[in-house]
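S.K.: Fold the stuff below for me.
(2 chains)
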Amino acid sequence: MDIIEPLVKIVFIFLITLTTVAYLVLVERRVSAFIQNRIGPNRVGPAGLLQPVADIVKLFLKEDIVPKAANKFVHSLAPLISLVVAMTTFAVIPFGNSIHLFGRDIKLMIADVNVGILYILALSSLGVYGITLSGWSSNNKYSLLGGLRSSAQMISYELSMGLSIIGVLMIAGTLRLDKIVESQAQGMWYFWRTPISFITFVIASFAETNRLPFDLPEAEPELVGGYHTEYSGMKFGLFFLAEYANMITASAIIVTLYLGGWQLPFVGHIGLPDLAVSLLQIAAFGVKVGLVLLFFIVIRWTIPRFRYDQLMNIGWKVMLPLALANILITGVALLW
Amino acid sequence: MLTDFGRILIFLLIGAVFTGGGLVASWLLRPRRPYPDKLSTYECGEEPIGEPWVKFNIRFYVVALIFIVFDVEVVFLFPWALVFKEMGMFAFVEMAVFLGILIVGYAYVWVKGDLDWDKPSPKVSRYVKGVGVVSDESVDVTEQVAV
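M.R.: Model (predicted):
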């Protein structure tokens, strides 16, 4: 009996994330069309709602072209690593308080590990392997340069990411994500208690997920397709899904650490039944993640791409000092 | 009893089965019609020139080296941040000293120009009679060669 509960939660999370990924692609296309004064995909199903299904069927049926010069094993392994790592981060994110169902309390997170944040940081640095290996194994100049750029970019911004989390940890005093969410009760969200840390973390998340304005690894005008130039068919599809899955996990982490997670202020004082409160909290988490995702998409279609030297300068000369200063400021603020 | 890391392992395995299953399904469904031109390395329609594994900029290594130094420091900060509230002033001073040493190294790297991706033209030092060795930034290397 003990294994059924985690299995149900895992399959549930998996299906939710995959569906969200598929529909996020549609949302992105519709929003970009709206921003560019176009209509966007609206032909497949009512208002284009079946477009993701059509896309996935098309990806399944496409021929998979592996260049003769490529390293076949690593070429197939790289997209797998990208997507699995992007999805697995979700294992430690609490998407609600515990819910009372079938006579038992069920905690709404898959694994309540005591090193939650370290686990997230470890996995997000594993993500660079997928991109670097794909760049190397394709045996193509554009891919190699894309992979290299990406690894340099991701390690540069990982520092600021780790350092900005320290500010939150100093206040919360725990690495457990559920405890961090609990400490943000009554609207004491960390985004206004440590604003500098919030800003640097969000910028670093953009760089870690390779989204515009930091999408140098696949900058089309310079590098054709970057690390996935030589990918086609379902393997390309996996990279595509991985990018969006990364966006979702990044948004979920931002919400958990800075925007109160599943906390909904004052909902406990209205006198609703416990089950309704739990469901409202899950809905609150979903809405917050959705808003952050929308922010990601709007930024992509309104801001131009950085040059590579600008990217490195911002990472090392602006973000790092800011994140370090934030630690000192938080320390002083906590002492006095 | 399944531990929390056991659950993560199950999650990982299910993820691998899902994505691997996607690849296998597409392998069963998709057409296979390869020919030499299709399998050649893409280089905008041209025949690929030279080795694809080109020499790349040494600065990527420098960035990796600086990263490792700082990342180790960040790892030291994590346990400190957890006990900061209990330790109070003592922990703050300790970490200020630690960060101070870190910042000295950071300033050194910055002054040395290793954080600049866009390198300025190299400084040329030359011998001027009666003055000694002078490093002159305004002198361009190509200019000197031309003279």
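S.K.: Count the residues that sit near the closest residue in space to residue B:77 that isn't next to it in sequence.
M.R.: Once flanking residues are discounted, residue B:77 sits nearest to residue A:166: 5.1 Å by CB to CB, 6 or more residues apart in numbering or on different chains. Where C-beta positions appear, they are placed from N, C-alpha and C, glycine not excepted. The local packing of residue A:166 (other CB atoms under 10 Å in any protein chain shown) involves 25 other residues.
S.K.: tell me the contacts of residue A:166?
M.R.: Listed by CB atoms under 8 Å, 6 or more residues apart in numbering or on different chains, the contact set of residue A:166 reads A:197, A:323, A:326, A:327, A:330, B:74, B:77, B:78, B:81.
S.K.: repeat for residue A:208
M.R.: A:124, A:127, A:154, A:157, A:158, A:161, A:246, A:250.
S.K.: ok, it to residue A:178 distance?
M.R.: 23 Å (CB to CB, to the nearest Å).
S.K.: for residue A:101, same thing?
M.R.: Residue A:101 sits 18 Å away from residue A:178, taking CB to CB as the criterion.
S.K.: Name the residue in these two with the higher neighbour count.
M.R.: A count of neighbours by other CB under 10 Å puts residue A:178 above the other of residue A:101 and residue A:178, at 21 against 11.
S.K.: tell me which element the residue most central in space within chain A is part of?
M.R.: Chain A has residue A:250 as the residue nearest its centroid, 2.5 Å off, counting by CA atoms, centre = their mean. Taking DSSP states H and E as the criterion, residue A:250 maps to helix A:233-258.
S.K.: From chain B, how far out is residue A:135?
M.R.: 10 Å (CB to the nearest CB, to the nearest Å).
S.K.: Pull out the buried positions in stretch B:23-31.
M.R.: Residues of stretch B:23-31 classed as buried: B:23, B:26, B:30 (neighbour count, 16 or more other CB atoms under 10 Å in any protein chain shown).
S.K.: Over to stretch A:42-55?
M.R.: Judged by neighbour count (16+ other CB under 10 Å), stretch A:42-55 contains these buried residues: A:48, A:51, A:52, A:55.
S.K.: who are the neighbours in contact with residue A:139?
M.R.: Residue A:139 is in contact with A:67, A:69, A:70, A:71, A:230, B:41, B:52, B:53, counting by CB under 8 Å, 6+ apart.
S.K.: Quick one: low-confidence residue ranges for chain B.
M.R.: Counting by pLDDT under 70, the low-confidence segments of chain B come to B:1, B:119-124, B:135-147.
S.K.: For it, which segments count as helices?
M.R.: Taking DSSP state H, the helices of chain B run over residues B:4-29, B:36-39, B:59-87, B:89-111, B:141-146.
S.K.: Dump those to JSON lines, plus distance to residue A:277.
M.R.: Converted to JSON lines, the helices of chain B look like this (distance: least, CB to CB, whole Å):
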{"stretch": "helix B:4-29", "distance to residue A:277": "25"}
{"stretch": "helix B:36-39", "distance to residue A:277": "58"}
{"stretch": "helix B:59-87", "distance to residue A:277": "30"}
{"stretch": "helix B:89-111", "distance to residue A:277": "38"}
{"stretch": "helix B:141-146", "distance to residue A:277": "71"}
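S.K.: close enough to count as contact, residue B:64 and residue A:152?
M.R.: Yes - taking CB atoms under 8 Å as the definition, residue B:64 is a contact partner of residue A:152 at 7.4 Å.
S.K.: Which one of those two is surrounded by more residues?
M.R.: Neighbour count, other CB under 10 Å: between residue B:64 and residue A:152, residue A:152 has more, with 26 against 13.
S.K.: list the contacts for the more buried one?
M.R.: A:312, B:60, B:63, B:64.
S.K.: Just put those in CSV and tack on distance to residue A:283.
M.R.: Formatted as CSV, the contacts of residue A:152 follow (distance: CB to CB, whole Å):
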residue, distance to residue A:283
A:312, 41
B:60, 45
B:63, 43
B:64, 43
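S.K.: Show the buried residues in those.
M.R.: Buried subset of the contacts of residue A:152 (neighbour count, 16+ other CB under 10 Å): A:312, B:63.
S.K.: Of the contacts of residue A:166 - the most surrounded one?
M.R.: residue A:197 (29 neighbours).
S.K.: Next one: it from residue A:170, what distance?
M.R.: Plainly put, residue A:197 is 10 Å away from residue A:170 if you go by CB to CB.
S.K.: Ok, residue B:100 next?
M.R.: Distance, residue B:100 to residue A:170, by CB to CB: 18 Å.
S.K.: One more: residue A:317?
M.R.: In this view, residue A:317 and residue A:170 are 24 Å apart by CB to CB.
S.K.: between those two, which one's more packed in?
M.R.: Neighbour count, other CB under 10 Å: between residue A:317 and residue A:170, residue A:170 has more, with 26 against 13.
S.K.: coming back round to it: now flag whichever of the contacts of residue A:166 is closest to residue A:234.
M.R.: residue B:74 (37.1 Å; CB to CB).
S.K.: Isn't the closest one up against residue A:165?
M.R.: No - using CB under 8 Å, residue B:74 is not in contact with residue A:165, being 9.1 Å away.
S.K.: picking that back up, so which of the contacts of residue A:208 is the closest to chain B?
M.R.: Distance to chain B across the contacts of residue A:208 (CB to the nearest CB) is lowest for residue A:158, with 7.3 Å.
S.K.: Wait, that closest one touches residue A:124, no?
M.R.: Yes - with contact defined as CB under 8 Å, residue A:158 reaches residue A:124; the gap is 7.2 Å.
S.K.: Select, out of the helices of chain B, the one closest to residue A:20.
M.R.: Of all these, helix B:4-29 sits nearest to residue A:20, with 14.6 Å by CB to CB.
S.K.: Any buried residues in the closest one, and which?
M.R.: Within helix B:4-29, the residues scored as buried using 16+ other CB under 10 Å are B:4, B:7-8, B:10-12, B:14-16, B:18-19, B:22-23, B:26.
S.K.: Which helix or strand contains residue A:105?
M.R.: Assessed by DSSP H and E, residue A:105 sits inside strand A:104-106.
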